[in-house]
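Peer 1: Make a model of this:
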Amino acid sequence: MPTRDQIAALLDAGHSFLTAGRALDIPAGQAYMIATGRPADGSDTPHANELHDKLPRPGSSQDLVNPPPFTPTRDAQVIAWVQHRAARELTESE
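Peer 2: Predicted coordinates for the structure are as follows:
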């Protein structure tokens, strides 16, 4: 599990929560929660005194919750399998 210090170091280096999460192999919302102690969906409303040592994030954190899935459109292994299968089908039909 990544630590707050690891996430803070990535944020200080110019990463966003999204890219920091990718670098640490965790969702962006989880990186936000580890760094700030608050859920990214905004379901927690901290008291003003609790905010003094938290990492700030401009704008809304809602965009970190349920990000769209990454669906690759190409996979070399699948293309090779389809080509092999097509070649096999062609030779069997002859």
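Peer 1: Find the residue at the geometric middle of this protein.
Peer 2: residue 27 (3.8 Å; Cα atoms, centre = their mean).
Peer 1: and residue 26, helix, strand or coil?
Peer 2: Secondary structure for residue 26, judged by DSSP: H, G, I helix; E, B strand; the rest coil, is coil.
Peer 1: In this structure it contacts residue 2, no?
Peer 2: Yes. Between residue 26 and residue 2 there is a contact at 6.1 Å, judged by Cβ atoms under 8 Å. In this view, the C-beta of every residue, glycine as well, is placed from N, C-alpha and C.
Peer 1: what's the overlap in contacts for these two?
Peer 2: Shared contacts of residue 26 and residue 2, defined by Cβ atoms under 8 Å, 6 or more residues apart in numbering, comprise residue 34.
Peer 1: just to revisit the earlier point, over to the closest residue to the residue nearest to the centre of the chain other than its chain neighbours. Which of the three states is it?
Peer 2: Among residues not flanking residue 27 along the chain, residue 21 sits closest, at 5.6 Å (Cβ to Cβ, 6 or more residues apart in numbering). The local conformation at residue 21, judged by three-state DSSP, is helix.
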